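Enquirer: Quick one: sequence plus predicted model below, questions after.
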Amino acid sequence: MARKKNKSFPTPMVYSFNGFIPIIDPSAYIHPTATITGNVTIGKKVYVGPSASLRGDWGEIIIEDGCNVQDGCILHAFPAAKVHLKKCAHIGHGSIIHGATIGENTLVGMNSVVMDYAEIGDECIIGALSFVPGEMKIPPRKVVVGSPAKIIKNVSDKMLNWKTNGTKLYQQLTIDNHSKMKLVPALTKPKRLKKKQSRSFETWKETKRK
């Protein structure tokens, strides 16, 4: 099925490779500066941010429903290998997932690297700037940090709820971008009454203090 186009916004850069054509659910939002190539499948309500690169030229990339792949992320794999983001996986700004599996409702923090054949379990939290070595196996509901990455504790119910709400925010952004984002010329000076943005989410440190 062809994706619905927002006529006021450019279409994303989608390329076939060696006979493989990306499959993108119409409800997904792909920023026009993102690049989607080859053997890539993107599910429902997936968000792919600016300058993300999903290269399914050598290996397959599967992104299940409700995931987000944020600005500047890179997803790639060795020949015949696979990147698999399970339902509601959350990939933070600038992260690299190379031939790895990310479990359902798992968060990979900003600028982290997850290497080939690593398997991260469901409902894990991978801290920002972590390096997960190839073939590392992480059980469900673990907090993982560092370079190389180490398991430091279990994910609490409160932390998991915080992560889940953050992912829901991106799922709503996916919907909103289809109708609210438009390509416009910049203003040359501020408006007299500047619209305020709502504080709909807080950092983990702010959340756990409550």
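Expert: Yep, that arrived. Numbers count the residues shown, from 1 in each chain.

Enquirer: other SSEs contacting the helix or strand of the chain with the lowest mean pLDDT?
Expert: One helix or strand of the chain scores below all others by mean pLDDT, DSSP states H and E: helix 204-208, with a mean of 89. With contacts defined as 3 or more C-beta pairs under 8 Å, 6 or more residues apart in numbering; DSSP states H and E, helix 204-208 has these neighbours: helix 157-180. Yep, even glycine has a C-beta here, placed from its N, CA and C like the rest.

Enquirer: So which residues make contact with the helix it packs on?
Expert: 4, 6, 27-29, 45-47, 66, 68, 70, 88, 90, 105, 107, 123, 125, 141, 143, 155, 200-201, 204, 207-208 (C-beta atoms under 8 Å, 6 or more residues apart in numbering).

Enquirer: Just the buried residues of those residues.
Expert: Buried by 16 or more other C-beta atoms under 10 Å: 6, 27-29, 45-47, 66, 68, 70, 88, 90, 105, 107, 123, 125, 141, 143, 155, out of those.

Enquirer: low-confidence ranges in the chain?
Expert: 1-9 (pLDDT under 70).

Enquirer: thinking again about what came up before, got a list of contacts for the least confident helix or strand of the chain?
Expert: In contact with helix 204-208 (C-beta under 8 Å, 6+ apart) are residues 158, 159, 162.

Enquirer: at 6 Å what do you get?
Expert: Here helix 204-208 makes contact (C-beta atoms under 6 Å, 6 or more residues apart in numbering) with residue 162.

Enquirer: what's the offset of it from the middle of its chain?
Expert: Here helix 204-208 is found 22 Å from its chain centre; the criterion is C-alpha atoms, centre = their mean, to the nearest Å.

Enquirer: Please apply the same query to stretch 40-53.
Expert: 7 Å.

Enquirer: buried ones in it?
Expert: 40, 41, 42, 43, 45, 46, 47, 48, 49, 52, 53.

Enquirer: farthest pair in those?
Expert: 45 and 53 (20.9 Å; C-beta to C-beta).

Enquirer: Near residue 209, how many other residues are there?
Expert: For residue 209, the neighbour count with other C-beta atoms under 10 Å is 8.

Enquirer: How about residue 23?
Expert: 13.

Enquirer: In contact with it, which residues?
Expert: By C-beta under 6 Å, 6+ apart, the neighbours of residue 23 are residue 41.

Enquirer: Give the bridge partners for it, please.
Expert: residue 41 (DSSP bridges).

Enquirer: Which of the contacts of helix 157-180 fall in strands?
Expert: 29, 47, 68, 90, 107, 125, 143 (DSSP state E).

Enquirer: could these be laid out in CSV, adding distance to residue 22?
Expert: What follows is these, written out as CSV (distance: C-beta to C-beta, whole Å):
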residue, distance to residue 22
29, 14
47, 16
68, 17
90, 21
107, 25
125, 29
143, 33
